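[1] Based on what follows, work out the 3D shape:
(chains A and B)
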Amino acid sequence: MNTNAVLRNNVKITGQGTETLLFGHGFGCDQNTWRSILPAFEKDYRLIMFDYVGAGGSDLTAYTDERYSSLDGYAQDIIDICSELQLQDVTFIGHSVSSMIGVLAIKKAPHFFRKIVFIGPSPRYLNEEGYNGGIDAADLDDLLDVMDSNYLGWSGMVAPLIMANEQEPHLAEALTASFCATDPEIAKKFARVTFMSDNRKDLSSLTIPSLTIQCEEDFLTSKEVAEYIQQHTFNNEVIMLDTKGHCPHLSDPKGVITAIKRFIEG
Amino acid sequence: MNENKLNKNLKSDFLYDKLPSGFISYLPDGNILRVNETLSKWLCITVEEIYKLNFKSILNKASGLYYSMVIDPLLNLQSTANEISLTFKTINGEVDALFNAVSYKDDQGNLILINATIQKITDRKKYELALLQEKRYADDEKRKFEFLSNTVPNQIWTIAPDGTCIYVNKKVKDYFGEQPMTFYTEFSGIAASDLERSRKTCLETGKIFQKEIRMKGVSKEEEWFFVSIEPYFNQEGQIESWFGSSTNIHKQKTLQIANYSSLKLSLSSANKTLDENKQLFINIALNQSHMVRKPLANVLGLLELLEYEALPEGSLELFKMLQTSIKELDKMIKVASNPLSMPGK
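    Alright, predicted model coming up:
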């Protein structure tokens, strides 16, 4: 097991700038999720990507139920990386559940951070009276069933038969085989932790500027949730993108790049 | 397609509409471009009605969530997704299906289209659910075992037949600290002095291993443990795994070693006392014999003088008896003056 966070979380550093952008992937993927938007920031920023323990190239043996039974354990991963790399004035960019993981990391160690960007965030996914998170408790059980059903198919999913690069299929295979590779057992636990989390009270702890990037139609969250975050968070700006889905950084990279640049350079 | 080979009563679309599996083409935002009749029939909606829907809206809630979180980004990053188990909504309920998709991108790498086949697996799903049930039961049993193994005061672990450590309980982790499983596979916790004899037995012989060995934990101090490793045989009679436990016997063992040393010391002391007493006895015997021998020597000298005297006839017999007795006494005193020469010494 690696106690070194850079190895444990498969940290990758690129870019020619000095100001740091730290990217946290969401549930169901790994740092490969950022590849469409990274080139736009490489010239002017120092880019740091990582995999949460259990995803991508992280050290799976570092996973313990004790540490990762709440989002705080994942937030500690971020703090460990910032601490080990002696980062400062970091802009954290979190997709999906990473948005609230980022909030928790900033709450614990605010001195590392300057700004935060939420992409498709939700402080609570489950519905309750007076709050529409979008998901019922029964949906979560059904989702875990779907994940169970796809347990065996997981490796097939991440090792596609048809390669994108027909000229050098062996390279394409090596590259694509690692996309979104997540240990299925850990993924299930991460899903439960994600959907059972309630970070609404943590929003008020945020004192640095934040930006929410939200798609018009998102199966996991909604415009209403984005508005809830804005109402309960100090200095939060919302940008609605005219695209559908939960991953605008993949489906509308230009829109996401423009929104982030305007926010961090503003 | 070779149109000439088509029967004049068959349209080319007919081939795809009547495929034994569902077929759907949709845009990255979920807008449906085309479906075949097979899928329309399974979903109990007309093709025209399906065109008004979004792909994610024809999935049930859980499958929609899974698709959004896992499959959607995957199809953006790579060109296929294979054998995904999804559930589609129908007018009458739900249809379980296997989803295989290929995604297409433009020159800039932007996703432009997804083509997917959907294979109805309602019957297969029943078997799958039964398997899932079994898996959950097995997972539950595993959790119970781990819970139980964490409640006992012993260190517990399991090893695969090839020697790879596959589980350690909390007591092991507490003792050795956070370590990778390779640490246990390589016997790294065993003191160097006991390592070889531990390695050579057990896994190589296939027999129960029970030994007292020293281990070194986070305290860095070697401690004695009673280690027991037993093979678990499956129904085919093959070793499926090894179950190991170790109990800290350091206090007892240290006490035992201390007692042994104390006993050895006592025995040594007793031996020394015996030797000293023996020497004392010899000295006493020598002194005593010297004291007795002096008058005896006088008696022997007088007896020799008496041999030359003319003793009365009646005293000769008595003289000989006295002479014999004095010689016997002399012999006895000689023996007594040297205890080491006594029989049994």
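
[2] Just confirm residue A:194 contacts residue A:27, I think it does.
    Yes: taking contacts as C-beta atoms under 8 Å, residue A:194 lies within contact range of residue A:27: 5.2 Å. Every C-beta, even on glycine, is put in place using the N, C-alpha and C of the backbone.

[3] list the residues that contact both of the two?
    residue A:97 (C-beta atoms under 8 Å, 6 or more residues apart in numbering or on different chains).

[4] What pLDDT is listed against residue A:60?
    Per-residue pLDDT puts residue A:60 at 87.

[5] Next: residue B:241.
    pLDDT, read off for residue B:241, is 86.

[6] how about it, secondary structure?
    strand (DSSP: H, G, I helix; E, B strand; the rest coil).

[7] low-scoring pLDDT stretches of chain B, where are they?
    B:1-13, B:197-204, B:338-345 (pLDDT under 70).

[8] which element is the residue of it found nearest chain A on?
    Closest contact between chain B and chain A, by C-beta to the nearest C-beta, is at residue B:62 (3.3 Å). Residue B:62 belongs to helix B:61-66 when assigned by DSSP states H and E.

[9] Repeat that for residue B:32.
    Counting by DSSP H and E, residue B:32 is part of strand B:32-35.

[10] Other residues contacting that strand?
    Counting by C-beta under 8 Å, 6+ apart, B:22-27, B:47, B:50-51, B:53-55, B:113 sit against strand B:32-35.

[11] returning to that earlier point: ok, now which ones touch the residue of chain B closest to chain A?
    So residue B:62 contacts A:139, A:142-143, A:145-146, B:87 (C-beta under 8 Å, 6+ apart).

[12] rerun at 6 Å
    The contact partners of residue B:62, by C-beta atoms under 6 Å, 6 or more residues apart in numbering or on different chains, come to A:139, A:142-143, A:146.

[13] What is the neighbour count of residue 264?
    No chain specified, so I'll use chain A. Other residues lying near residue A:264 total 19 when counted by other C-beta atoms under 10 Å in any protein chain shown.

[14] Chain B is the one I meant
    Neighbours of residue B:264 using other C-beta under 10 Å come to 10.

[15] which SS state does it fall under?
    helix.

[16] Walk me through the domains of chain B.
    B:3-120, B:124-151, B:154-248, B:270-341 (automatic domain parsing).

[17] possible to save those as a markdown table with distance to residue A:48?
    A markdown table is the format used below for the domains of chain B (distance: least, C-beta to C-beta, whole Å):
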| stretch | distance to residue A:48 |
| --- | --- |
| domain B:3-120 | 20 |
| domain B:124-151 | 36 |
| domain B:154-248 | 25 |
| domain B:270-341 | 76 |
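
[18] Deepest-packed of the ones you listed, please.
    Comparing the domains of chain B by mean neighbour count (mean count of other C-beta atoms under 10 Å in any protein chain shown), domain B:3-120 ranks first with a mean of 18.

[19] Relative to residue B:223, how far out is the closest residue to residue B:37 other than its chain neighbours?
    With sequence-adjacent residues excluded and distances taken as C-beta to C-beta, 6 or more residues apart in numbering or on different chains, residue B:37 is closest to residue B:17, at 4.0 Å. Distance, residue B:17 to residue B:223, by C-beta to C-beta, to the nearest Å: 75 Å.

[20] Please apply the same query to residue B:82.
    Counting by C-beta to C-beta - residue B:82 and residue B:223 are separated by 52 Å.
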